[in-house]
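Peer 1: Can you look at this prediction? I've put the sequence above it.
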Amino acid sequence: MLIVMETVISIQSITKQFGQKQVLKNISLRVNRGDIFGFLGPNGAGKTTTIRCLMDFIRPDSGKLTLLGQDSYSQLILARKEVGYLPAESQLIENWNAKQHINFYNSIRGKDSQAIFKLVRRLDIALDVPVKQMSSGNKQKLSFLLALVGNPKLLILDEPSRGLDPIVQNDIYEILTNYVSEGGTVFISSHNLDEVNRICSNVAIIRQGKIVADKSMKDLKNMKIHFVTVSLNHHDNLHLSSLENIEIIDSNSSKTVFKVHGDINPILHELSNHKLIDLEITHASLEDVFMEYYRS
């Protein structure tokens, strides 16, 4: 049986330039229904600019955006009514409390989200405390819940767990997982690799305005990168120059440390020709894999 994936976000070859600086360089992405899609990259890579284009706060210089199947700007306005958005910076009204914010969002959505009040209790947010008296953590929790008002079809979240303690982060992850299980889709910008590892199904990494990786989490975790630490008899020498995909990290009189990309068997064959004092081989962590893309 052929399974057809429903595309919720389609970014096709968009570019964006501010003055002389090209911030987005012909980037393309696709997010399918039911994804928790992680969007990662160093500061200044273009993550926020991409999100601002998706939300129509700015428009790309070229390329095409499709949101929930709509592509013209008049249609996108309607589509964004089904998008819950958490910005990087709080947009809360200082003199309002949580209940006033939720009621206001309900009025905009035209839907009565009583389920949000259950989540308010779960996240332990006081309904009657003005925002100006809230802690930064409670402001973040409230901002996150406001994105969920009206049960939108798509969530676009910029660092949702920023500044939250681990227990609350777990609650956020469970809420998002449940939201997706009920048919929702999440596009999340994050610097938290543990967060990405725990909840994301797919990941794109942007660096200097270009997409340098667009993979499933399963494929990322299965990338063949190994760290090898070897100690030889001091009269022995390794000959690595003839081998491909090897990067020397450290070398001194007692040991050599190198990184192997891809098949590790050629280096094992080379090592079999030497008298080893010690050998350690470790698989790269997920953080190591991400850093490969950040630094490349």
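Peer 2: Looks like it came in fine.
Peer 1: what helix or strand does the residue nearest to the spatial centre of the chain sit in?
Peer 2: By CA atoms, centre = their mean, the mean C-alpha position of the chain lies nearest to residue 38, the distance being 2.6 Å. Assessed by DSSP states H and E, residue 38 sits inside strand 36-40.
Peer 1: For the residue nearest to the centre of the chain, give me its contacts.
Peer 2: 188, 190, 196, 200, 202, 203, 204, 217 (CB atoms under 8 Å, 6 or more residues apart in numbering). Using the backbone N, CA and C atoms, a C-beta is placed for each residue, glycine as well.
Peer 1: Mind checking which of these land in helices?
Peer 2: 196, 217 (DSSP state H).
Peer 1: nearest to residue 265, of the contacts of residue 38?
Peer 2: residue 217 (26.0 Å; CB to CB).
Peer 1: pLDDT below threshold where in the chain?
Peer 2: Flagging of the chain using pLDDT under 70 yields the residue ranges 1-5, 72-73, 76, 111-113, 234-237, 241, 296.
Peer 1: all helices for it, in order.
Peer 2: 47-54, 73-79, 98-109, 114-122, 136-148, 166-181, 193-199, 217-221, 265-271, 286-295.
Peer 1: quick one: the fifth one to helix 98-109, angle?
Peer 2: Going by axes from the mean of the first three to the mean of the last three CA atoms, to 10 degrees, helix 136-148 is angled at 20 degrees with respect to helix 98-109.
Peer 1: what comes up buried for helix 136-148?
Peer 2: Using 16 or more other CB atoms under 10 Å as the test for burial, helix 136-148 gives 137, 138, 139, 140, 141, 142, 143, 144, 145, 146, 147, 148.
Peer 1: From these, pick the one nearest residue 63.
Peer 2: residue 147 (25.7 Å).
Peer 1: Quick check: that closest one touching residue 84?
Peer 2: Yes: contact criterion CB atoms under 8 Å: residue 147 and residue 84 qualify, at 3.6 Å.
Peer 1: Now residue 284: closest residue in space that isn't a chain neighbour?
Peer 2: In space, and not counting its chain neighbours, residue 284 is closest to residue 225: 3.7 Å by CB to CB, 6 or more residues apart in numbering.
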